[in-house]
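Trainee: need the 3D shape of this:
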Amino acid sequence: MSVPEWQFLPDSLDNPQEHRRTGWLLPGIVALGILTLGAGVTAAFVLSMEQAAMTLTRSTLEERATHSEHAIEERLLACEAVLRGGAGFVDNAWPITEEEWQRFSRPLNLAKVLTGVQGFGFAAVVDKLVSWQLSSLPQGLWSNPAGRGDHPQTAILYLEPQDVRNKHALGFDMASEAVRRAAMERARDENVAAVSAKTTLVQEIDSTPQPGFLMYVPVYQRDLPVSTAADRRNALLGYVYSPFRAGDFMESVFDADPKDVEIEVYDGRQVRAASLMYRRPPEEAAVAESMFVLRYIVVGGHGWTLRLAAAPSMIRDSQWVPVWMVWVGGTLGTLLLSGLGYAMARSRQALRERVLADQRLLEQERDAATILENSLEVFIVIDEQDRILEWNKQAVQTFGWSPGEVLGRPLADVIVPERLREAHMEAVKTFHTRRHTVLGKRVEMPALRKDGAEIVVAISIASTLRRGKTVFFASMRDITARRQQEEEVRQLTATLELRVRERTEELETANRRLEVAYRDLEAFTRSVSHDLRAPLRAIKGYASLLTEDLGQSVSVKTQRDLDSILTTTRRMDAIIDHLLKLASVSQRELQTQELQLGELMRQVVAEVGPQPPTQIHVSLPAACVRADPGLLTLALRNLISNAIKFSQTRSRPEIWVGETEVEGARTYFVRDNGVGFDPRYSPRLFGAFQRLHSEKEFEGTGLGLTIVKSVMEKHGGRVWAESQPGGGATFYFCLPSC
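Mentor: Here you go, the predicted model:
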């Protein structure tokens, strides 16, 4: 044994007697420790297996609960879709006969498509039924006036299929029962599909009735508004609904689920016997009371609680292997590891230390190589003959050469420009004999890429000895882009003052043009106000004098011509007035403040003064906007006057003012039931002098809506219109909120 090897052995080898003693004691301690640790690990693993089985069981229960929740929701969504289809049919074909309802219901095939649904029917508001529909109802409606509250009397008019249970329910007033009425009122007031709480169906004629529930979809009279809850109550025609026997419905939902869990469904959030709607026991007699999950489901605006409890078989199935196999395997493994530990403990300490030292050295070299290979900078190693020894990934990306193409080749032939190659080779050859001015410093110089392009690199060079020979380490970074940016910055700095001067001149020119435009607008306003109105007043005055001079001797044609002159002057005067208002909108500086739009709209309606039978309904309870009160009053007056004018041909002219939401923004509207217009011409609606109706049909200047558009845009809002010929028109506008 050589001296260096002897230095790595334990000091106990100097004393043979002590070596023998430690040679047996240490392995024995190691073996005993492994036995103790193995027993503890085995016991901990057994406990962890039991815990894992419980965790897996709970996870399985969570998945089953999610699946069951989705199954219930999907089935009820399908039922809702069918009910909405029925509501559409009633709305389109009302009043309908029993044969029409049967023909609509028969293709739905509810018994197969929606298993568990007891029926598909329509309950009508009794006051809305025609005489022949009333005559088809059973004698004496099932009604409890004291229990119906303020809901109108209803009656189940049609119910399919016509089996014994469903025939028993015909004519029943569901609004007279509190549970049903609560769901019906929610469906009516919110225009949604509503599910009732737990109840007993009228169809339950067995001695052991099942709990039940119902789903309602409201149907409104299509010629009445339904924008508010009060409107919907007034327009209510009835309900398309389905009664459900909870047991039959849930059985169809959970029929394919495994029978290793107990499934219970409760009405509401309370898990109690009085709220139980459905229970499916597992195949085993008992369940693990501690292993259950609860899910709260909201269906049709009503909540149910879903409870799933695991049976013992589910917990057993979650265990990967039997516990006894774990004990046997753990014992054998512990004994094997103890023997192996005993053998390893008797190895020479010197060998362990040498192996650890070699491993540390290899790790350091590997870490260094990894860092250099993945460095963000180019890293190249060359020898004393300028041959490339190492070429990292960044060098490939920067210069375009792969390691296989450059390793062993002179660096000068690869990246050094031709004009610098001679100096580079001379520096490498005379490295040991001359003074070095580059080593350890960061310098910038040109370099060549594979495609012949020349770039600028920042380079730092160092030298070291490797196996007794000098090698050079070069670290580089491509700074070509930085050089270009610096040059661009210099050029931009040089031209910045010129661009600023040119931009200033452009702004001054634009300001001068704007001042000229404002002066022209003021001149136009003065011209319209004085120069145009003076001739009109003269024409109007001479026409009046001529009428007085002619007296009773005027002919019919002459009187008609004089009336035309006066009418034309009045119309021209109105046009001039609107032009002045339009100009004032453009010239006036906004003086905004917080305004209650509802109060301002009522003042405008009072000023316009619509004549009976015109009715204007204003519903703006809390609409607050920030606007110029004078300009906004002008725009609202034009909108209201426009709606009154185009609805006067109706026997009952009506105008509605309210608010809604369009694309997430609060929007206000003025809707009328007038003659409407073709939506193809809506882009022309707000243009100056653009009219969609002739002067003989409706008087006007063609500037009212132009003023409205100008006011809204000046406030940063917008205005648009929707209509159909003969179907009235709706004008929407947006304004900044308070």
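Trainee: how about low-confidence regions in the stretch 301-450 of the chain?
Mentor: Filtered on pLDDT under 70, the stretch 301-450 of the chain yields the residue ranges 316-324, 326, 341-343, 345-353, 435-438.
Trainee: quick one: the strands in it?
Mentor: For the stretch 301-450 of the chain, the strands defined by DSSP state E, counting those that start in this stretch cover 302-310, 378-383, 388-391, 442-448.
Trainee: ok, the stretch 151-300 of the chain next?
Mentor: Here the stretch 151-300 of the chain has its strands, by DSSP E, counting those that start in this stretch, at 154-160, 194-195, 212-220, 236-245, 261-267, 276-280, 292-299.
Trainee: picking up where we left off before, of the strands of the stretch 301-450 of the chain, which approaches R652 most closely?
Mentor: strand 302-310 (40.4 Å; C-beta to C-beta). From N, CA and C alone the C-beta is placed, and that goes for glycine too.
Trainee: any idea how far apart the tips of stretch 647-659 sit?
Mentor: Start-to-end span of stretch 647-659 (C-alpha to C-alpha, to the nearest Å) is 21 Å.
Trainee: repeat for stretch 197-211
Mentor: 10 Å.
Trainee: nearest residue to the middle of the chain?
Mentor: Nearest to the mean C-alpha position of the chain, counting by C-alpha atoms, centre = their mean, stands G664 at 12.3 Å.
Trainee: which one of the strands of the stretch 301-450 of the chain lies nearest to R272?
Mentor: R272 lies closest to strand 302-310 among the strands of the stretch 301-450 of the chain, at 9.9 Å (C-beta to C-beta).
Trainee: returning to what we had before: with mean neighbour count, mean pLDDT and distance to L332 as extra columns, can I get the strands of the stretch 151-300 of the chain in TSV?
Mentor: Output for these, formatted as TSV (neighbours: other C-beta atoms under 10 Å; pLDDT from 0 to 100; distance: least, C-beta to C-beta, whole Å):
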stretch	mean neighbour count	mean pLDDT	distance to L332
strand 154-160	25	90	71
strand 194-195	24	95	60
strand 212-220	25	95	60
strand 236-245	26	94	59
strand 261-267	23	91	37
strand 276-280	18	91	45
strand 292-299	16	91	39
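Trainee: with mean neighbour count and distance to T97 added, can I get the strands of the stretch 301-450 of the chain in a markdown table?
Mentor: Shown next, in a markdown table, are the strands of the stretch 301-450 of the chain (neighbours: other C-beta atoms under 10 Å; distance: least, C-beta to C-beta, whole Å):
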| stretch | mean neighbour count | distance to T97 |
| --- | --- | --- |
| strand 302-310 | 21 | 33 |
| strand 378-383 | 20 | 89 |
| strand 388-391 | 20 | 90 |
| strand 442-448 | 14 | 93 |
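Trainee: same list (these) but as CSV, adding distance to E190.
Mentor: Listed next are the strands of the stretch 301-450 of the chain as CSV, based on distance: least, C-beta to C-beta, whole Å:
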stretch, distance to E190
strand 302-310, 13
strand 378-383, 69
strand 388-391, 73
strand 442-448, 74
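Trainee: closest to P218 out of the ones you listed?
Mentor: Proximity to P218 (C-beta to C-beta) singles out strand 302-310 among the strands of the stretch 301-450 of the chain, at 15.7 Å.
Trainee: does the closest one pack against any helices or strands, and if so which?
Mentor: When contacts are defined as 3 or more C-beta pairs under 8 Å, 6 or more residues apart in numbering; DSSP states H and E, strand 302-310 packs onto helix 16-93, strand 261-267, strand 292-299.
Trainee: of all the strands of the stretch 151-300 of the chain, which one comes closest to A93?
Mentor: Of all the strands of the stretch 151-300 of the chain, strand 212-220 comes closest under C-beta to C-beta, at 11.0 Å.
Trainee: which strands and helices lie in contact with that closest one?
Mentor: helix 16-93, helix 178-190, strand 194-195, helix 229-235, strand 236-245.
Trainee: my read is that L636 contacts L600, right?
Mentor: Yes: assessed by C-beta atoms under 8 Å, L636 is found in contact with L600 at 6.8 Å.
Trainee: those two: who's more crowded?
Mentor: The neighbour count for L636 versus L600, taken as other C-beta atoms under 10 Å, is higher for L636 (24 against 18).
Trainee: in TSV: the helices and strands packed on strand 212-220, plus distance to F104.
Mentor: Shown next, in TSV, are the helices and strands packed on strand 212-220 (distance: least, C-beta to C-beta, whole Å):
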stretch	distance to F104
helix 16-93	5
helix 178-190	20
strand 194-195	22
helix 229-235	22
strand 236-245	10
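Trainee: so of these, which one's packed in deepest?
Mentor: strand 236-245 (a mean of 26; mean count of other C-beta atoms under 10 Å).
Trainee: that older thread, same list, the strands of the stretch 151-300 of the chain, but as JSON lines with distance to D561 please.
Mentor: As requested, the strands of the stretch 151-300 of the chain are exported to JSON lines (distance: least, C-beta to C-beta, whole Å):
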{"stretch": "strand 154-160", "distance to D561": "67"}
{"stretch": "strand 194-195", "distance to D561": "69"}
{"stretch": "strand 212-220", "distance to D561": "55"}
{"stretch": "strand 236-245", "distance to D561": "58"}
{"stretch": "strand 261-267", "distance to D561": "83"}
{"stretch": "strand 276-280", "distance to D561": "86"}
{"stretch": "strand 292-299", "distance to D561": "76"}
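Trainee: nearest to L61, of those?
Mentor: Among the strands of the stretch 151-300 of the chain, the nearest to L61 by C-beta to C-beta is strand 292-299 (4.7 Å).
Trainee: which secondary structure elements does that closest one sit against?
Mentor: Contacts defined by 3+ C-beta pairs under 8 Å, 6+ apart place strand 292-299 against helix 16-93, strand 302-310.
Trainee: which residues does it contact?
Mentor: With contacts defined as C-beta atoms under 8 Å, 6 or more residues apart in numbering, strand 292-299 is touched by 58, 61-62, 65-66, 68-69, 72-73, 76, 195, 269, 271, 303-310.
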